[in-house]
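> Quick one: sequence and predicted model below, then my questions.
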Amino acid sequence: MMPTLKPKHRPFCFSVKGHVKILRLALSVTSMTFFIIGQAPEPYIVITGFEVTVIFFFIILYILRLDRLIACLFWPLLDILNSVIAAIFMVIISVLALLPETTRVIALGGYQVEAREEAGGQTT
């Protein structure tokens, strides 16, 4: 009788999940770099930098296999929530970054706030 071999554990960096996370990190770093080069307002850069940090910590967590040690959390659900929230933030940031600087219309909590630049450079 031949012993059955256990399937070899695939390291995180060589798994499909690892490739997707690393690609997501590269895209977030690229978008943050473009925001910095394009001199976007600081909140855009900060939110993108925060997302880069969160993705980096998820990658470290999976490389060190801490998801196996901390079994009280359901990691796939946290991954999905992180991805959905990041996608929503990135869409909002991208749309706001495309708005012209002379007129910005931002909806905050159901209220529409409009700021226009006047000839003196002051906003109202």
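Looks like it came in fine.
> Just the mean pLDDT for the helix or strand where L27 lies, thanks.
L27 is part of helix 16-37, with elements assigned from DSSP states H and E. For helix 16-37, the mean pLDDT works out to 89.
> Please point out which parts of that helix sit buried.
Neighbour-count burial for helix 16-37 flags 18, 21, 24-25, 28-29, 31-32, 35 (criterion: 16 or more other Cβ atoms under 10 Å). (Each C-beta comes from the backbone N, C-alpha and C, glycine too.)
> Distance to L81 for the residues you listed - can I get that in TSV?
Shown next, in TSV, are the buried residues of helix 16-37 (distance: Cβ to Cβ, whole Å):
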residue	distance to L81
G18	19
K21	15
R24	14
L25	17
S28	16
V29	21
S31	20
M32	21
F35	24
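> Show me what the helix holding L27 is packed against.
Helix 16-37 is packed against helix 42-63, helix 75-98, with contacts defined by 3 or more Cβ pairs under 8 Å, 6 or more residues apart in numbering; DSSP states H and E.
> redo that, cut-off 7 Å
In terms of contacts (3 or more Cβ pairs under 7 Å, 6 or more residues apart in numbering; DSSP states H and E), helix 16-37 is packed against helix 42-63.
> Only alpha carbons, please: show the next helix or strand after the helix it packs on as PDB.
Going down the chain from helix 42-63, the next helix or strand is helix 66-69, by DSSP H and E. Below are the C-alpha coordinates for helix 66-69, written out as PDB (Å, rounded to 0.1, in the frame of the first residue of the first chain):
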ATOM      1  CA  LEU A  66      -0.500  35.000  10.500                       C
ATOM      2  CA  ASP A  67      -3.900  34.400   9.100                       C
ATOM      3  CA  ARG A  68      -3.500  30.800  10.300                       C
ATOM      4  CA  LEU A  69      -2.500  31.900  13.800                       C
END
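> Great, nothing more from me.
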